[in-house]
Structures are given as structure tokens and as C-alpha cells.
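> give me coordinates for this.
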Amino acid sequence: MASVAPPPSAVSLRGAVALSGRFPLLAGVDLEVAVGETVLVEGPNGAGKTSLLRVCAGLIPLSSGRLSVLGLDPVRRRTAVRRRVGLLSHASHLYDDLTVEENVRFAVRASGGEVVRIAPACARWGLTGRLARTSASKLSAGQRRRVALAVLTARWPEVWLLDEPHAGLDASARMLLDEAIAEASASQVTILIASHESGTVEGLADRAVTVTGGRISAERLLGVPPTAEATTTTGAVAHVA
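Numbering: from 1, shown residues only. The predicted structure follows:
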């Protein structure tokens with residue numbers, strides 16, 4: 001009987017090193033994320049969590065090592081990768097002179113997304129009526145965060161890179177975000193979540209990796225009994241007995 005091929009990797013990093021001047025942002029990361037997998041990226045402030053997501057988004061080039069996102073090189077195929085990847089970062093990246101709806105519409109069209117998703121996405125995040133017609137310059141920080149989430153869910157890319165996604169959200173918006181993540185995961189979207197609120201995210205993720213000093217220092221499976229899980233502190237691969 002023919003052997004079953006392992007699932008393809010949505011994100012693959014091998015010996016990934018990224019620098020800011022002479023300062024190492026990533027110091028040799030090895031990480032494989034399967035298509036449809038949700039991974040929690042843990043670690044203290046300054047450990048390299050945000051840098052890891054930005055590298056995967058093609059915003060920070062590698063100094064050495066290899067990176068593949070959906071089988072593509074984010075540097076050589078930047079436009080193709082950015083159309084298929086969504087990064088939710090600390091900045092909302094909105095155009096202040098555009099309204100809420102115009103910002104969402106622009107992002108969806110620029111990425112080649114389906115415009116029919118725009119209205120439902122705005123409704124999901126409570127961006128309707130007068131608020132939808134409000135310019136981004138007049139929004140509060142929480143409202144800008146909701147618009148950024150509406151952009152993400154309207155685009156519905158194949159890979160979600162979420163950097164502290166619950167930050168700046170009230171309890172109702174946090175619940176909506178968790179529902180969106182669960183829905184995306186069920187539809188085989190690949191998700192990386194960098195968060196210091198591990199307890200909040202653990203129920204949404206398949207496994208967690210710990211970033212320390214720009215490296216993957218540990219890994220653990222989530223949702224399995226402790227006796228069935230082995231955690232490694234020296235490499236990037238955990239094994240289940």
C-alpha cells in the first residue's frame with residue numbers, strides 16, 4: 001500500500017536569520033506550520049514574536065536561511081504572497097481620508113478578494129450605518145482595531161498572522177474575534193497568533209511554540225493529555241508518543 005504523504009506546509013522556515021542592522025531579530029528559526037493549523041507563538045516582550053510574523057508576511061527579509069509561504073518565496077513573489085496572507089499588527093494601516101467602508105473595500109479589491117464579503121464583514125464588527133460612513137481619522141483606537149479586523153475577515157486570506165489580536169478590544173469584540181478564528185480554522189485557514197495572553201488563545205490553537213532570543217526554544221501540543229505530550233526545549237519539533 002502506498003504511503004500517505006504528509007500534509008503540505010503553509011509556512012516553512014529553516015535556519016531563518018533576520019537582522020535589524022547588526023541586531024538579530026531572528027537567530028535561526030526552524031518552524032513548519034501545516035495548512036489549516038493554528039499555532040500560538042509565545043514568548044516575553046522582545047523575544048522575536050512580532051519579527052517572526054513580519055518575516056512570514058514578507059515585510060522583513062531574511063539575512064540567511066529559507067522561508068516558504070504557501071510554497072512561495074515572499075521576497076521574489078511579494079505581491080502573490082501579500083494577496084494570500086493577512087497580517088493584523090499593532091498599527092491599523094488605515095487611510096485616514098477614507099471612510100470605514102471605503103477602507104475595507106479598498107483592501108479587498110487590492111488583494112483580489114470577493115467584494116460580496118465586505119458588507120457581512122462590516123456587520124460582524126458593528127461597522128454599519130453612520131459609523132461605516134465615518135472617516136478613519138475620526139475613529140477611536142478600538143474602532144480602528146475593528147476596521148482592521150473587518151479588513152482581515154472581508155479579505156479572508158489563506159494565512160492569518162495575528163499579532164496580539166485581542167489588544168484594544170472590549171469583551172464583546174474579543175468574543176467575536178475568537179469566533180472568527182474558530183471559523184477560519186474550521187475552513188482550513190492557517191493561523192499564527194503571537195500573544196502574551198496564552199490562556200486566552202490556547203483553546204483556539206493546535207499547538208504552541210515559545211520564542212526566546214529569536215529562536216524557537218520550546219514547543220507543546222494543546223488539547224492533549226500531558227502524559228501524551230513531549231515538549232522539547234532544544235529544537236523546533238515535538239514528538240507525541
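> make it CA atoms for all contacts and neighbour counts henceforth
Noted.
> what are the contacting residues of stretch 169-177?
R124, W125, G142, R145, R146, H166 (C-alpha atoms under 8 Å, 6 or more residues apart in numbering).
> list the contacts for R54?
Applying C-alpha under 8 Å, 6+ apart to R54 gives the contacts I60, L87.
> again with R215
For R215, the contact set (C-alpha under 8 Å, 6+ apart) comprises L26, A27, G28, V29, D30, G48.
> just T190 next, same as before
T190 sits in contact with A10, V33, A34, V35, G36, E37, T38, E158, V159, W160, where contact means C-alpha under 8 Å, 6+ apart.
> so which of these are in strands?
When DSSP state E is applied, the contacts of T190 are split such that A10, V33, A34, T38, V159, W160 fall in strands.
> and which of those residues is nearest to L67?
When the ones in strands among the contacts of T190 are compared for distance to L67 (C-alpha to C-alpha), A10 wins out at 10.6 Å.
> C-alpha coordinates for stretch 40-55, CSV please?
What follows is the C-alpha trace of stretch 40-55 in CSV, where atoms were taken according to Å, rounded to 0.1, in the frame of the first residue of the first chain:
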residue,chain,number,x,y,z
LEU,A,40,0.2,30.1,19.2
VAL,A,41,3.5,31.9,19.3
GLU,A,42,4.5,32.6,22.9
GLY,A,43,7.4,34.4,24.5
PRO,A,44,8.4,37.5,26.5
ASN,A,45,8.5,41.0,25.1
GLY,A,46,11.4,41.4,22.7
ALA,A,47,11.7,37.7,22.1
GLY,A,48,11.0,37.9,18.4
LYS,A,49,7.3,37.1,18.1
THR,A,50,6.4,40.1,16.1
SER,A,51,9.5,39.8,13.9
LEU,A,52,8.6,36.2,13.1
LEU,A,53,5.2,37.2,11.9
ARG,A,54,6.6,40.1,9.9
VAL,A,55,9.1,37.8,8.3
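> kindly export the worst-scoring helix or strand of the chain on mean pLDDT (C-alpha atoms) in PDB.
The least trusted helix or strand in the chain, going by mean pLDDT, DSSP states H and E, turns out to be helix 198-201, with a mean of 79. Included here for helix 198-201 are C-alpha records, laid out as PDB according to Å, rounded to 0.1, in the frame of the first residue of the first chain:
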ATOM      1  CA  SER A 198      -1.600  32.400  26.300                       C
ATOM      2  CA  GLY A 199      -4.600  31.400  28.400                       C
ATOM      3  CA  THR A 200      -6.900  33.300  26.100                       C
ATOM      4  CA  VAL A 201      -5.600  31.800  22.900                       C
END
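> quick one: the helix or strand following that helix to chain centroid distance?
As assigned by DSSP states H and E, the chain's next helix or strand after helix 198-201 is strand 207-212. Taking C-alpha atoms, centre = their mean, to the nearest Å, one finds the center of strand 207-212 at 14 Å from the center of the full chain.
> no further queries at this time; thank you.
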